[in-house]
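this one's structure only:
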């Protein structure tokens, strides 16, 4: 009896610890978002200054990616874009930015997958689950940017939807259930003035002289704020937003990693092998009714949308899903519709918020509808027909690569969310001709390689003998092995160097201790020292003394 009570208490404590880890994990995502906003700060305005650049749809997409990566919130970046539309930027110009915002929001769950890097198989599943979101967003953007440029599909459709819209100012903003729980803790650590951030992004003269996005002058009777990071702002040490942001980034990453590792460990200890199999089979199983099994994925999509509406954040939902996929509880085939549902859920939240907005309601609602229609169209393209579920295959391939070359995950993150968008934006500054001269050949080569790969896999007999494999190319052009060997060799060299330095330091310390010990013994008992002098002298490397 006592054994059962003890077991029940242990299980209860583990469940409480699991929810505690989940709570602080969600708080860490909020801190991560705030840290990027603080580091980005005034740099957001630089992205929107040149109105001629914004007219280029490719540049618009990259600006959307960079802004959302910097503010770590598609809702915030969407509201910035709505502010631009209200400031007379055409909806047509803003649409590519909305598409880019969809890509940028998936960076969080890619970072989250790194916490399972120690186990290759878990990391393969987690990284595949994280990147299936990226692949869907990139494929949808590539297709729909071309369609939008040629036809104006999203602009015309959403314009027709809002053309007869009446006054929506009496609508209410949806309740944010998650923030009710997390705000007491997050507000005690950091508080940001989002009006200043939006003002900088839209180059509003009203906020030109604002020096920080940290809240200042909190409370009616007090001129200073009491949250922790106020001590780093103008009311404290005043180390600058970027320095404060870096400190908060480090804290948030430590919290995020610690909480996720804790959640995975607790889940593994709570779920025995039998329970794990039951949950795994239950989640990944289709409806057991003949001819209705195909409906399962669409019901799962609704679940993903509903949960995202409840927590008011697609990043929180997909980031929580990633470790579950890594643990093997949720298959990639099941995670994909959950992620798509999450994409829908986050757009309905911004739509409800737009309905409750004051001033420029039509523009705000049209932008929110663009976000919604973009995701629905992407789902119609890349989900109903099984053959078109390309993001699953692409994510599986990326998962396989990262399980073999773990450094590839960091290279992927930097390339897809920072370097590539920054290069495109940099090329755009040189003018559209330079940008297209560089990009068009690169795109043609990529498409050609994909086409030949497909032929090698499915129709190798129609290819010339030399093209049936890539063996005719130098190894660095057809394999990651040379890069892997270089990275492994570099790390081995650094490791050996550190080990040698550590060994030499320990040896010097030991030698010094032996010398001191020998000297003290000689003073105390010179007769005994005479007999052991030769061996001690030889070992310590001194000159031999003759007695």
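All right, it came through fine. Note that the coordinates shown come from a computational prediction; the quantities given were computed from them, not determined experimentally. Numbers count the residues shown, from 1 in each chain.

looking at this, residue 211 is in a helix?
No: the secondary structure assignment for residue 211 gives coil rather than a helix, going by DSSP: H, G, I helix; E, B strand; the rest coil.

State the mean pLDDT of the helix or strand harbouring residue 446.
Assigned by DSSP states H and E, residue 446 belongs to helix 432-458. Confidence over helix 432-458 (mean pLDDT, whole number) is 85.

Please apply the same query to stretch 331-344.
Summarised as a single mean, pLDDT over stretch 331-344 is 88.

Which residues does it contact?
Here stretch 331-344 makes contact (Cβ atoms under 8 Å, 6 or more residues apart in numbering) with 102, 125, 128-129, 132-133, 136, 280, 283-284, 297-298, 300-308, 314, 317-318, 321, 325, 330, 372, 375-376, 378-379, 383, 389, 391-392, 395-396, 399. For glycine as for every other residue, the C-beta is placed from the backbone atoms N, C-alpha and C.

Could you give me the buried positions within the helix holding residue 446?
Neighbour-count burial for helix 432-458 flags residue 435 (criterion: 16 or more other Cβ atoms under 10 Å).

next one: stretch 13-29
Applying 16+ other Cβ under 10 Å to stretch 13-29 flags 17-18, 21-22, 24-29 as buried.

Poorly predicted segments of the stretch 151-300 of the chain, please.
Segments of the stretch 151-300 of the chain classed as low confidence (criterion: pLDDT under 70) are 165-179, 198, 200-204, 208, 217-224, 264, 268, 271-282, 284.

what distance separates the helix holding residue 446 from the middle of the whole chain?
Distance of helix 432-458 from the chain centroid (Cα atoms, centre = their mean, to the nearest Å) equals 27 Å.

what does stretch 122-129 give?
That offset, for stretch 122-129, works out to 14 Å (Cα atoms, centre = their mean).

before we move on, back to that, off-centre distance for the next helix or strand after the helix holding residue 446?
Later in the chain than helix 432-458, the nearest helix or strand by DSSP H and E is helix 475-478. A distance of 29 Å separates the C-alpha centroid of helix 475-478 from that of its chain, computed with Cα atoms, centre = their mean.

picking up where we left off before, between the buried residues of stretch 13-29, which is nearest residue 161?
Distances from the buried residues of stretch 13-29 to residue 161 were compared by Cβ to Cβ; the smallest belongs to residue 29, at 32.2 Å.

contacting residues around that closest one?
108, 252, 256, 313, 315-316, 319.

Distance check, residue 431 against residue 390.
Going from residue 431 to residue 390 by Cβ to Cβ, to the nearest Å gives 34 Å.

Just confirm residue 136 contacts residue 378, I think it does.
Yes: shown here, residue 136 and residue 378 form a contact pair, counting by Cβ atoms under 8 Å, at 6.4 Å.

So these two - more neighbours on which side?
The residue with the greater number of neighbours, taking residue 136 and residue 378 and applying other Cβ atoms under 10 Å, is residue 136; the counts read 29 against 22.

In contact with the more buried one: list those residues for me.
Taking Cβ under 8 Å, 6+ apart as the contact definition, residue 136 lies against 336, 339-340, 343, 378, 382, 391.

Just the buried residues of the helix or strand containing it, please?
When elements are defined using DSSP H and E, residue 136 is found to belong to helix 120-151. Across helix 120-151, burial judged by 16+ other Cβ under 10 Å covers 122-141, 144-145, 148.

Next secondary structure after that helix?
Per DSSP H and E, helix 120-151 leads on to helix 153-162 as the next helix or strand towards the C-terminus.

what residues does that next one touch?
Applying Cβ under 8 Å, 6+ apart, the contact partners of helix 153-162 are 91-92, 95, 144, 147-148, 362, 365-366, 369-370, 373-374, 377.

by how many degrees do that helix and helix 120-151 diverge?
Interaxial angle, helix 153-162 versus helix 120-151 (axes from the mean of the first three to the mean of the last three Cα atoms, to 10 degrees): 70 degrees.

Which residue ranges of the stretch 51-200 of the chain form strands?
Counting by DSSP state E, counting those that start in this stretch, the stretch 51-200 of the chain yields no residue ranges for strands.

Break down it into its helices, ranges please.
In order along the chain, the stretch 51-200 of the chain carries the following helices (DSSP state H, counting those that start in this stretch): 51-54, 57-71, 74-86, 91-104, 107-113, 120-151, 153-162, 177-189, 194-201.

how about a markdown table for the contacts of residue 29, with secondary structure, neighbour count and distance to residue 291 added?
As requested, the contacts of residue 29 are arranged in a markdown table below (DSSP: H, G, I helix; E, B strand; the rest coil; neighbours: other Cβ atoms under 10 Å; distance: Cβ to Cβ, whole Å):
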| residue | secondary structure | neighbour count | distance to residue 291 |
| --- | --- | --- | --- |
| 108 | helix | 25 | 39 |
| 252 | helix | 23 | 48 |
| 256 | helix | 24 | 44 |
| 313 | coil | 27 | 36 |
| 315 | helix | 27 | 37 |
| 316 | helix | 23 | 36 |
| 319 | helix | 25 | 36 |
